[in-house]
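Chemist: Below is the structure, and that's it, no one-letter string:
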C-alpha cells in the first residue's frame, strides 16, 4: 500500500494560513513555549516559567500546546494506515544511547535545555521563526537564523565529526 505524501508547499501554505488565522482570532501571535513554561511553572512552582498575563494555568497558549499532540492523535486515528507507538528515531538512533532509559534521559535533558533557551530567547522556534519571521520582526529573524544555524551545526557535529 502506497503512502500519500503531501508536497512541502502545501504545508507551508497551511502554516502561513494558521499563523494569520491565529493572530486574527486570538489577537496575539501563535507560539506554544509560553503555555509549556506556565505548565512547568505550576508543576515545579518556579516563577521563572510564568510570564505576563498567562500566569493562570487555564490560558489559550496552554490549550494551543495541548492541541498539538491531540491533533496528531486525531490525524493518526483518521489515517487509513495502521499506526503504533515507536521510540525509533531514524538516523538519530546511530548517535543516541541504545537503551530506552538512556534515550529518555538524553531527550529529556535536551528538552529541558530547549525550554530554558526558549524562555531566555522570549519564544520558541514557532514564535520566532514562523510568526516573528512572517511579521518581519528583526529580533525574531535573527533568532530564527541562530536556531537553524545551531541545528545545522549540531547535526554536522553528530553525524560528520
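Modeler: Yes, it's here. What you are looking at is a predicted structure, and each value in this text was computed from that prediction instead of being measured.
Chemist: Any idea which helix or strand in this protein has the lowest mean pLDDT?
Modeler: Counting by mean pLDDT, DSSP states H and E, the chain has its least confident helix or strand at helix 33-44, which shows a mean of 69.
Chemist: Could you look up the next helix or strand downstream of that helix?
Modeler: Next helix or strand after helix 33-44 toward the C-terminus (DSSP states H and E): helix 60-78.
Chemist: Run the chain-centre distance for the next helix or strand after that following helix.
Modeler: Using DSSP H and E, the helix or strand that follows helix 60-78 towards the C-terminus is helix 100-121. Mean-position distance between helix 100-121 and its chain equals 12 Å (C-alpha atoms, centre = their mean, to the nearest Å).
Chemist: Just list what helix 100-121 packs against, helices and strands only.
Modeler: Helices and strands touching helix 100-121, by 3 or more C-beta pairs under 8 Å, 6 or more residues apart in numbering; DSSP states H and E, are helix 33-44. (C-beta placed from N, C-alpha, C; glycine too.)
Chemist: And the pLDDT for residue 29?
Modeler: As predicted, residue 29 sits at a pLDDT of 78.
Chemist: Much appreciated, bye for now.
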